[in-house]
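**Q** for reference, the sequence and a predicted model appear below.
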Amino acid sequence: MKQTILFVDDDPTLLSGLQRMLRPMRTDWAMTFVSDSSEAVQTMNSTCFDVVVTDMRMPTVDGAKLLAEVRNLCPHSVRIVLSGQAELEIVLRAVEHAHQYISKPCDAEVLKEIIKQACALKGVISNIALKDFIAQIRCLPVDSTKYHAVRAALESGSHDLDELGSLFAADLGMATKLLQLVNSSFFTSTRAPTCHDAVKVLGLDLLTELVLRVGIFADCETHSVSHLVISSLNEHSIRAAQLVKEQAQSAGMAGPELAHYEMAGFLHDVGRLVLATFARAHYEELSSQHFESWSELLAAERQMFGASHQDVGAYFLRLWGFEEGVVQSAAAHHDDSETDGPFAVVRRIVNAVDQRVHRDLPVEPVEEKR
């Protein structure tokens, strides 16, 4: 069955260009092109699309409002913005609803690859309720103490960006959202693989807007996940990132490549936080049991949730536009099999580090026989 893609842009010339550019994909994709947001909403009242790609600046209903409608009408749809410079106010509203933001002009091959990756999500998780839940996530649960420390620093007008970067980097939920925004062209074309880089790229004024006025973490301070789960995952993720960075340095990595490895180490277990948010009681029930191998735990997760935390982490990170090396590390950090390909090294390092960290900072209830 073909993947269904809806493109929305009020510029007929741009729509025609998209049609020509994507013509080779007609055998794989069923594409619909509309020039009006109202028409797009009418179409979605009867048909949900796998992926919706929209411009931001449009008359009557702008891209942010359209994405809000998409979110309500078709919860599982991947929501992507393809836009040139738009007013900051519209972009700030889109932050709540868009999974990814791509800047115009966009190379044809890059656009195809992004949409291909979005379409690839379709068969990863069979549990429809879980899939819809992940697509609706605005942000992951955060540690209240760390969140209020960020708020206090911004309210005080602190210019210590290194301190702010450290606060974001100490919490998996806040860091994931920050890195999604800075790496999806919402505000800049500059990529930032670490939280310290991200706060410098975004700047104090924009961070203040996002955290204090827009409230990107306001609904994330939740009791749906226990503080113990959040704190243990934070500790585990921070330690894993440190060790992955050390091993990558020993292997000769440096610069952006080294930071990319560090990000992969930090985010590899994010699927656990997603599952704990989706079904706290079931997650805690599973955590009260003991397993003798990772494969046994993953099988139990798939039976209970319809997906393992590896599946969920990879799905979530790909949905939010993270680079494929980070996605693959989340997808296979309990996989000991030898792999080849462009992401083999980062996967092997994250896998080895995860095993080491679990011996000292266990998160999952696995007691492997030695």
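**A** Sure, I can see it.

**Q** OK, contacts around His76?
**A** 48, 50, 128, 131-132, 135 (Cβ atoms under 8 Å, 6 or more residues apart in numbering). In short, each C-beta sits where N, CA and C put it, glycine included.

**Q** what's the answer for Lys65, then?
**A** Lys65 neighbours (Cβ under 8 Å, 6+ apart): 37, 93.

**Q** so it is in which element?
**A** According to DSSP states H and E, Lys65 maps onto helix 63-73.

**Q** likewise for Ile80?
**A** Counting by DSSP H and E, Ile80 is part of strand 78-83.

**Q** now swap in Gln180 and tell me
**A** Going by DSSP H and E, Gln180 is in helix 172-183.

**Q** hey, C-alpha coordinates of whichever helix or strand comes after that helix in PDB?
**A** Next helix or strand after helix 172-183 toward the C-terminus (DSSP H and E): helix 195-208. Backbone C-alpha positions of helix 195-208 (Å, rounded to 0.1, in the frame of the first residue of the first chain) are rendered in PDB as follows:
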ATOM      1  CA  CYS A 195      22.500  21.300  25.100                       C
ATOM      2  CA  HIS A 196      25.400  23.700  25.700                       C
ATOM      3  CA  ASP A 197      25.600  24.300  22.000                       C
ATOM      4  CA  ALA A 198      21.800  24.600  21.700                       C
ATOM      5  CA  VAL A 199      21.500  27.400  24.300                       C
ATOM      6  CA  LYS A 200      24.200  29.400  22.600                       C
ATOM      7  CA  VAL A 201      22.600  29.000  19.200                       C
ATOM      8  CA  LEU A 202      19.100  29.900  20.400                       C
ATOM      9  CA  GLY A 203      20.200  32.700  22.800                       C
ATOM     10  CA  LEU A 204      18.800  33.900  26.000                       C
ATOM     11  CA  ASP A 205      15.900  36.000  24.600                       C
ATOM     12  CA  LEU A 206      14.500  33.100  22.500                       C
ATOM     13  CA  LEU A 207      14.900  30.600  25.300                       C
ATOM     14  CA  THR A 208      13.100  33.000  27.600                       C
END
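
**Q** give me the spatial nearest neighbour of Val142, chain neighbours excluded.
**A** Gly173 (3.9 Å; Cβ to Cβ, 6 or more residues apart in numbering).

**Q** quick one: Val52 is in a strand?
**A** Yes - assigned with DSSP: H, G, I helix; E, B strand; the rest coil, Val52 falls within a strand.

**Q** and the helix holding Lys65 with strand 78-83, angle?
**A** Here the directions of helix 63-73 and strand 78-83 differ by 170 degrees (axes from the mean of the first three to the mean of the last three Cα atoms, to 10 degrees).
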